[in-house]
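Colleague: Provided below for reference: sequence and predicted model.
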Amino acid sequence: GAGVSQSPSNKVTEKGKDVELRCDPISGHTALYWYRQSLGQGLEFLIYFQGNSAPDKSGLPSDRFSAERTGGSVSTLTIQRTQQEDSAVYLCASSLSRRREETWYEQYFGPGTRLTVT
Amino acid sequence: RKEVEQDPGPFNVPEGATVAFNCTYSNSASQSFFWYRQDCRKEPKLLMSVYSSGNEDGRFTAQLNRASQYISLLIRDSKLSDSATYLCVVKGRGSTLGRLYFGRGTQLTVWP
């Protein structure tokens, strides 16, 4: 079946502009995660949506970053007033876990959006 | 201190070699551990979970030492197709339940 999809695959933007990154999770997956991977760095957790619960936003690096998940499916990560240090690959993942405690479900990753801020 | 620290590598080994990667984690309450594989410019994919008693999947063996907060991955009889970056991953606990904490990854190149 279809995996996690993300769009756009690449985005080049000028410093100071806003960008929106989209994630379509696997159908039926109730948990959705955003991570980012900078060059030479490990994956960094950003935000986690679990069903109808309040999202865990504690990984967002600044108030320029926000994310929402509409109808429990598609998610959008928005970065306002982009800075050069925001350049990274933004990865979305989803899993079948229905509650935070269900930690045994695998997280499936999308191909990522490569963001370059010039 | 980072949640997960990993051997930086890179490791360059010939086909057929045995290679081992190590990783340490900082949260002693962690309960779930994984190795992910990431090919160049691709997304991470789960390679295997790591169980307390150690586990094997074909040529791959994962070990966990809770006392030392240490995880390892052993690859036997390396193949060219094993060339990738291997990510040590620990799942969060308590207030961070559900998150994955990733090491920076260890790059492996298997040469003919």
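Modeller: Yes, it's here.

Colleague: which residue sits closest to the residue most central in space within chain A, ignoring its sequence neighbours?
Modeller: Closest to where the C-alpha atoms of chain A average out (Cα atoms, centre = their mean) is residue A:34, at 2.7 Å. If the residues on either side of it in the chain are set aside, residue A:34 comes closest to residue A:46, at 4.2 Å by Cβ to Cβ, 6 or more residues apart in numbering or on different chains. Where C-beta positions appear, they are placed from N, C-alpha and C, glycine not excepted.

Colleague: Residue A:25 too?
Modeller: Among residues not flanking residue A:25 along the chain, residue A:94 sits closest, at 3.4 Å (Cβ to Cβ, 6+ apart).

Colleague: how about that neighbour, secondary structure?
Modeller: Three-state assignment for residue A:94 (DSSP: H, G, I helix; E, B strand; the rest coil): strand.

Colleague: Now do the same for it: its pLDDT.
Modeller: Residue A:94 is assigned 93 on the pLDDT scale.

Colleague: Same check on residue A:53?
Modeller: Residue A:53 carries a pLDDT score of 85 in this model.

Colleague: sorry, back to before: show me what the helix or strand harbouring the residue nearest to residue A:34 is packed up against.
Modeller: Element membership for residue A:46 (DSSP states H and E) is strand A:43-50. Applying 3 or more Cβ pairs under 8 Å, 6 or more residues apart in numbering or on different chains; DSSP states H and E, one finds that strand A:43-50 contacts strand A:31-37, strand A:65-69, strand A:75-79, strand B:100-102.

Colleague: pLDDT averaged over stretch B:34-43 - what is it?
Modeller: Averaging pLDDT along stretch B:34-43 gives 93.

Colleague: what about that stretch, start to end distance?
Modeller: Terminal residues of stretch B:34-43 are spaced 15 Å apart (Cα to Cα, to the nearest Å).

Colleague: Let me see the residues that make contact with that stretch.
Modeller: Contact with stretch B:34-43 is made by A:91, A:109-112, B:44-50, B:60, B:62, B:71, B:73, B:84-91, B:100, B:102, B:105, as judged by Cβ atoms under 8 Å, 6 or more residues apart in numbering or on different chains.

Colleague: quick one on the thing from earlier: and the residue nearest to residue A:34, how far is that from residue A:88?
Modeller: Distance, residue A:46 to residue A:88, using Cβ to Cβ, to the nearest Å: 10 Å.

Colleague: returning to that earlier point: the residue nearest to the centre of chain A: what's it in contact with?
Modeller: By Cβ under 8 Å, 6+ apart, residue A:34 lies in contact with A:23, A:45-48, A:67, A:75, A:77, A:90-92.

Colleague: beta partners of the residue nearest to residue A:25?
Modeller: Applying DSSP bridges to residue A:94 gives these bridge partners: residue A:32, residue A:108.

Colleague: Name all residues that make contact with it.
Modeller: When contacts are counted by Cβ under 8 Å, 6+ apart, residue A:94 touches A:4, A:23, A:25-26, A:29, A:31-33, A:107-108.

Colleague: could you check the angle strand A:65-69 makes with the lowest-mean-pLDDT helix or strand in chain A?
Modeller: Using mean pLDDT, DSSP states H and E, the weakest-scoring helix or strand in chain A turns out to be strand A:43-50, at a mean of 91. Strand A:43-50 and strand A:65-69 are oriented at 40 degrees to each other (axes from the mean of the first three to the mean of the last three Cα atoms, to 10 degrees).
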